[in-house]
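J.: give me a 3D structure for the following:
(chains A, B and C)
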Amino acid sequence: MTARIFAYIVHKAGAADDSATELLAAAKKINPAATPTAVVTGWGRDLDTVCQSLCSSYGEVWKVANESLAYPNAELVRKALVKVLPQGSTVLVPHNHFGIDLGPGLSIKLNAAFVSDVLGIDGIEGSFLKVVRQEFGGQVSAHVRCDVSSGVVINLRPGAFKPIECAPAGGAVVDKSGEVGALVAGRRYAGTIVSESGDVDISKQAVLVSIGRGIQEQDNVAMAQELAEAMGAAVSCSRPVVDAKWLPKSRQVGSSGQTVKPKVYLACGISGSFQHLAGIKGSPFIVAINKNPNAPIFQVADVGIVADILEFLPELTNRIREVKKVSV
Amino acid sequence: MEILVCARRVPDPAENEIKLNRAGNDVERDDLVYSINEPDNYAVEEALQIVAKVGGNVTVATVGGDDDEEILRREMAMGANKGVLLSDEVFGGSDGRGIATVLKGFVQKGHYDLILTGVQAEDGGAQVGGMLAAMLDYPFASLVDAIEVLDGKKLKVSREIEGGNKEMSEIDLPCVLSIQTGINEPRYVGMRGIRQVASLEIPTYGASDLGIDKASVGESAAKVKRDDYFVPALGKGAEILAGNSEEIADKLIDLLKAQGGLQ
Amino acid sequence: MFGGMPSPAYAIYWSIPGPALFIIIPLLGVTSFAFIVAKRLAPLLGAERDCRLDRPLLRLQKVLQYWLLQWKQPRYWLAGVLHIAIFAGFLLLMMRSASMVMIGMSEHLVDPGFPGEAGQFYGIVKDYAVSLVLVAILIAAIRRTVFRPARYAVPPDLGRDHTPEAVCVLGLIGTLMISESLFEASSVTMAGLVRQPLQATAPLSLAWIAQLAVESAPRNWLQPLHSYSYLIHDLTFFGFLCLLPLGKHFHVITSLFNVYFAKLDRGTVKPVRWGVPDEQLDEVKSFGVKKFEDFSWKHILDFYSCADCGRCSDNCPANAVGRPLSPRFITIKARDYAFRHFPIFGQVNNSHALIGGIYSEEEVWSCTTCGACEEECPLLIEYIDKIVDLRRGLVDDGNVPKSIQKALKALESRGNPYGKVEKKRAAWATDKEFQHACNVKILGGGDRASTLYFVDSITSYDDRIQAIGRATAHILADVGEDFAILGAAEKDSGHDVRRFGEEMLFKALRDDNMDAIKASGVTRIVTSDPHAYNALKHDYKDIPPVEHISQVIAREVKSGTLKLNRADNDENVYAYHDPCYLGRHNQVYDAPREVLDAITGLKRVEMNRCRDRSFCCGGGGLMLFYEPKEEERMGVKRVQMAAQAGANVVVTACPFCMVNIEDAIKVLGMEGKMTVIDLAELVDRHVVRDYTEAGDRESKAAAHA
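T.: I've put the predicted structure just below:
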């Protein structure tokens, strides 16, 4: 496959998002021999800082600086990319709120194919790229082939591609800003409203730390919150916790509460009643932590830990924090 | 305001057990019940609420066959003014781009101020809305969780981004928006409503009605095709982790990372 | 005084001769009253129809029992006794009241009423009746103003306190009694003075006491006392008459009719529209009650008939846990709406939406349809039909809470509220281990049977509740019942779908079930689910007779077919919790108790609130999907009641009660201190089963055939 591989880099406050290294790993899977190019849009010093930091992992970094791109508006970014990206390229984008906004439209304007939410790459077969996707809320996986002869935009699932160890790439920053010109779009950014922590919608969360009666007291709820924070997850619960008024109803998972479709569900001190499980859809990876080895939850969980959550959760939280410190 | 909602009929995620068939290459489809893709239902409710405020009509369209009419009827029972079936043999096997092409043909037959799709279908890729907008050269916003009509020419929309934050934008009409669940509380459609629309007319349009080139849609034009379904090998019942608590924590962290549980 | 006998017909009141006054006052009074009543009847004329004229003999029997004999009053003993006294007094005094009106009209009507000895007897009776009423009034007044029982309280957001209205009416009645006695006393005294004695006042009665007072009063007070006590009585009488339709004392007039027209069929829900058969329902423009005029005339009569006694809300479990529902105020708010929008003077101002107006959505969804309110109401006011009608209106407008929508959608696609696939409906029975102990036949797979075990959704799919299904099946096998289940062909009974207002979905489920039942050829149905029991018995038509498993067990234990071991644990104290749809709605109270008592050594206690006063566990069916606004769970209160009664095991006979009470035990942190078990499970544990079990079963089956 001779097409160039470009990775669109999401960044904030001068730092590239974790997806940058994931896209690199994916690019290597598509074509181990290729040198992927990072494409970064933005404006000002933050943009320069990011571009420099990418040089150690990417062989080439294309910088597209334009004042209207100071805030990443997918409509404007697309117009810029269409101007700089060669026809027939493979473009990798993280499948997050930005990628969902950018990917599909970009594929049309580049006259390329589009594959969404890819979590595995099997390789090239002739003019086809073979990938793995999930459907039905993750309950089944699918082998998908995509005709990439006229290029392809691929949205990659965050977290699915583990960053790989490789030698420093020693890349250089190439300024492509001049090829872009003025950018105008029918959608204009008007600000961001930051949410208050109470407003979490658990039905949209990918990872949930869920607590049940086993948490025993209101004071112990903080343990779950700390674990959730360390994991980048949200806290949910079963009905008895809401009944005891330790968490608001908006956090309740169950047939009379919310229906959730996470990727990962930690059931801590939850017995696994029918009414509670009825609120979990799809096939999340369920980790059950309960001191009762006969709790019904162990029949539906993927992984079980027989332990007292009051002891285990803080330990797990500390360990996760240590691990995260090391990797950053 | 003339609003078009593009909807899709999918196997209901809450009421089906998704399993592989005996051959192991497709989902067992015998016992599936179908309903409108949930985000599309939210989109119709949003359209109805907008039209209740500013006047206009809501049309719901779907690309499919006779079986798909039932979701059009359900949305008409909910209050949509018109249901339209876009159906033709040549549309079969279309990928996302093919579907968007068919929809583009229909959009260009009429005039719509606002086009809504659900953010994603159960078996889809969150793509049709964005593709349709690019094909029509209309501005686009995905993951919309609030819409405010500013005037006949523009809307203010809120997009759901990470951490529960909301990205506000102004967007010109006509535009395409993909709607996120939770934007509103869809009204209930009871059996009674369904019975009342059972005999209403639902027009069907084919490739020639919409002026669509056969070569641009259907299986032959599809660039993305599914080879098969499979279930990654997983043990049955919980694998109980053993060891002291440090070892267990480490094992768990590895598993969580692999499953995308650490963000 | 002319012509000897004392009579107000001889008196002159500020230059108006008595007869004139006492013809005008009644005339004005009666015409005003008629005018007011006509205005009050107006909304009934524009209301929906209601079929209440059938089975007149049964209706008359109810009038006798509930109106004349005040059957429900003693449930609150003090208020009950007081009311019975006042009511009896009123009835007894009807003749005297009529006489009193007539006396002033003409001097010839000095002593109208019963002739001869009957009249003399009546004279004594009426004196005591008056006294009884006054004593009752005084006690009532002290109760209302000093002791202020909680159930009369009005929540601040629902308006002013109703005590002034109550005290005012008590005052008027008191005035009637006192003025009558003073008139009687002064009449007797005056008659005595002209040596033409009237019947003496009854000893120690109020009139007798008044007579003592009158006789010791200055002589020149006598005539005025006589004339003005009469005037006051006449004015108060007609004033009170006109006041009746203006407030809660309208029940004095409407109660007779309200009881006559009361609902005769327990357990079922009114049709969407009386007189509209199922096939024509599609043509009905609007379902349910959205505006006041959507209520039927009988329901509006209910609003008028409320005596504001608060007994309904006092027993309402939703009210007790702080849900925004108070049955009393469902009625009072509607009554006040009628008064405001169909005024005595002024334009009718109707057709306002009720939800968002006098009622809130949460109020309407909060009801578990337990029936405690209807069981308590002395005037037989109906609540469940109204709540269901209000829900029908909400459903018609698409205004259904999200979690209920999910369940209804699943019921529509899969025939159960969990969205589980039909072919797993019988999985609880085909479980390999269980099949070994008890083979459950499934109809439609070539099997036939004479009895259908209707399992219903929760027992089929909830993995905890499936144990109740297995216990029931095992018991049916033990008694030699030739039974089978419908399996995948069974759909949810639809009992609570109907009570949540989705009538058409209910009909679809019911029709499918009825077809399956009829096609099966069974001659009997047994169920372990009281909601299914109630639906099959009352909401379904033309199907074989239905029994609850507790009734089957009780019968088989009595006949000796089913033998039970000694209690397996001597330490436990059991309390039986009456499920609403087995107990109150279907009056099956004794069978489960007989079963428990048949286990030797089993210690059983009764909770204070038992039988028809049982406290709802929290609700079943779709109520398990509803998230109400409340201060605590009903189940929690019920578990506390059991603990208070000295029990450490609650026995239920309903799968929904089981779920709610198990949950409540967890919430209270009482695992280990309190357990809950289903009657079938308990019996299953105690059935004498030995090695010849298989042989026994065969011979029992032969005996049953």
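J.: for residue 309, what are its contacts?
T.: Going with chain A. A:I211, A:G214, A:I215, A:M223, A:C268, A:G269, A:I289, A:N290, A:K291 (C-beta atoms under 8 Å, 6 or more residues apart in numbering or on different chains). (C-beta placed from N, C-alpha, C; glycine too.)
J.: my question was about chain C, not that one.
T.: By C-beta under 8 Å, 6+ apart, the neighbours of C:C309 are C:A79, C:R151, C:Y152, C:R328, C:P378.
J.: three-state assignment of it?
T.: coil (DSSP: H, G, I helix; E, B strand; the rest coil).
J.: from the contacts of A:I309, pick the one nearest chain B.
T.: If you rank the contacts of A:I309 by distance to chain B using C-beta to the nearest C-beta, A:I289 comes first, at 8.8 Å.
J.: show me the strands in the stretch 151-300 of chain A, by range?
T.: For the stretch 151-300 of chain A, the strands defined by DSSP state E, counting those that start in this stretch occupy A:152-156, A:172-175, A:187-193, A:207-211, A:234-237, A:264-268, A:285-290.
J.: low-confidence bits of the chain, can you list those?
T.: This is for chain A. Applying pLDDT under 70 to chain A flags residues A:1, A:137, A:196-199, A:326-328.
J.: let's do chain C instead
T.: For chain C (pLDDT under 70), the answer is C:1-5, C:110-111, C:691-705.
J.: now, of the contacts of C:C309, which are buried?
T.: If you count burial by 16 or more other C-beta atoms under 10 Å in any protein chain shown, the buried members of the contacts of C:C309 come out as C:A79, C:R151, C:Y152, C:R328, C:P378.
J.: quick check: the gap between the residue of chain A positioned farthest from its centre and chain B.
T.: The C-alpha centroid of chain A is most remote from A:N294, which lies 34.5 Å away (C-alpha atoms, centre = their mean). Per C-beta to the nearest C-beta, to the nearest Å, A:N294 is found 12 Å from chain B.
J.: over to A:C55?
T.: According to C-beta to the nearest C-beta, A:C55 and chain B sit 26 Å apart.
J.: repeat for C:P19
T.: 65 Å.
J.: I figured that residue hits C:A11, correct?
T.: No - using C-beta atoms under 8 Å, C:P19 is not in contact with C:A11, being 9.6 Å away.
J.: between the two, which one's more packed in?
T.: Taking other C-beta atoms under 10 Å in any protein chain shown, C:P19 and C:A11 do not tie; C:A11 has more neighbours (23 against 18).
J.: give me phi/psi at that one?
T.: Phi and psi for C:A11, reported as degrees, to the nearest 10, are phi -80, psi 160.
J.: the nearest residue to it once chain neighbours are set aside: helix or strand, and which one exactly?
T.: Once flanking residues are discounted, C:A11 sits nearest to C:S227: 4.2 Å by C-beta to C-beta, 6 or more residues apart in numbering or on different chains. Assigned by DSSP states H and E, C:S227 belongs to helix C:222-243.
J.: can I get that helix in CSV, CA atoms only?
T.: In CSV, the C-alpha atoms belonging to helix C:222-243 read as follows (Å, rounded to 0.1, in the frame of the first residue of the first chain):
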residue,chain,number,x,y,z
LEU,C,222,-91.8,32.5,77.8
GLN,C,223,-93.5,33.8,74.7
PRO,C,224,-90.5,35.3,73.2
LEU,C,225,-88.5,32.1,73.9
HIS,C,226,-91.2,30.1,72.2
SER,C,227,-91.5,32.4,69.2
TYR,C,228,-87.9,33.0,68.6
SER,C,229,-86.7,29.5,69.2
TYR,C,230,-89.1,28.5,66.5
LEU,C,231,-87.9,31.2,64.2
ILE,C,232,-84.3,30.3,64.8
HIS,C,233,-85.0,26.7,64.2
ASP,C,234,-86.9,27.4,61.0
LEU,C,235,-84.2,29.7,59.7
THR,C,236,-81.4,27.4,60.7
PHE,C,237,-83.1,24.5,59.2
PHE,C,238,-83.5,26.0,55.8
GLY,C,239,-80.2,27.8,56.0
PHE,C,240,-78.5,24.5,56.7
LEU,C,241,-80.5,22.9,53.9
CYS,C,242,-79.1,25.5,51.5
LEU,C,243,-75.7,25.2,53.0
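J.: any residues touching that helix, and which ones?
T.: C:1, C:6, C:8, C:11, C:13, C:18, C:21-22, C:25-26, C:28-30, C:32-33, C:36, C:97, C:100-101, C:103-104, C:169, C:172-173, C:175-176, C:179-180, C:182-183, C:186-187, C:189-190, C:193, C:214, C:217, C:249.
J.: likewise stretch C:127-140?
T.: C:82-83, C:85-86, C:88-90, C:92-93, C:96, C:170, C:173-174, C:177-178, C:180-181, C:184, C:201-202, C:204-208.
J.: for that stretch, buried residues please.
T.: For stretch C:127-140, using 16+ other C-beta under 10 Å, the buried residues are C:127-137, C:139-140.
J.: what's the most distant pair in those?
T.: Pairwise distances among the buried residues of stretch C:127-140 were taken by C-beta to C-beta; the largest, 20.4 Å, belongs to C:D127 and C:A140.
J.: pull stretch A:217-233 out as CSV, backbone CA atoms only.
T.: C-alpha atoms of stretch A:217-233 as CSV (Å, rounded to 0.1, in the frame of the first residue of the first chain):
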residue,chain,number,x,y,z
GLU,A,217,-21.8,3.8,54.8
GLN,A,218,-22.2,7.1,53.1
ASP,A,219,-18.6,8.1,54.1
ASN,A,220,-17.3,5.2,52.1
VAL,A,221,-18.8,6.4,48.9
ALA,A,222,-15.8,8.7,48.6
MET,A,223,-13.7,5.5,48.0
ALA,A,224,-15.6,4.8,44.8
GLN,A,225,-15.4,8.4,43.7
GLU,A,226,-11.6,8.4,44.1
LEU,A,227,-11.3,5.2,42.2
ALA,A,228,-13.5,6.6,39.5
GLU,A,229,-11.5,9.7,39.2
ALA,A,230,-8.3,7.7,39.0
MET,A,231,-9.8,5.6,36.2
GLY,A,232,-11.4,8.4,34.3
ALA,A,233,-14.7,6.8,35.1
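J.: can you list contacts of it?
T.: By C-beta under 8 Å, 6+ apart, stretch A:217-233 touches A:205-209, A:211, A:215, A:234-235, A:241, A:244, A:246-247, A:264, A:266, A:268, A:309-310, A:313-314, A:316-317, A:320-321, A:324, B:256, B:261-263.
J.: quick one: secondary structure of the nearest residue to C:G357 once chain neighbours are set aside?
T.: Among residues not flanking C:G357 along the chain, C:Y337 sits closest, at 7.8 Å (C-beta to C-beta, 6+ apart). Judged by three-state DSSP, the three-state class of C:Y337 is helix.
J.: got the contact list for B:I18?
T.: By C-beta under 8 Å, 6+ apart, the residues touching B:I18 are A:F136, A:Q139, A:V140, B:P11, B:V27, B:E28.
J.: rewinding a little: out of the strands of the stretch 151-300 of chain A, nearest to C:H585?
T.: Closest approach to C:H585 among those is made by strand A:234-237 (34.9 Å; C-beta to C-beta).
J.: so which elements touch that closest one?
T.: Secondary-structure packing of strand A:234-237 (3 or more C-beta pairs under 8 Å, 6 or more residues apart in numbering or on different chains; DSSP states H and E): strand A:207-211, helix A:221-231.
J.: what lines up beside the shortest one in the sheet?
T.: So that's strand A:207-211. strand A:234-237 (parallel), strand A:264-268 (parallel) (DSSP bridges).
J.: including mean neighbour count and distance to B:K82, could the ones you listed go into TSV?
T.: Below are the strands paired with strand A:207-211 laid out as TSV (neighbours: other C-beta atoms under 10 Å in any protein chain shown; distance: least, C-beta to C-beta, whole Å):
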stretch	mean neighbour count	distance to B:K82
strand A:234-237	28	40
strand A:264-268	29	41
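J.: okay then, goodbye and thanks.
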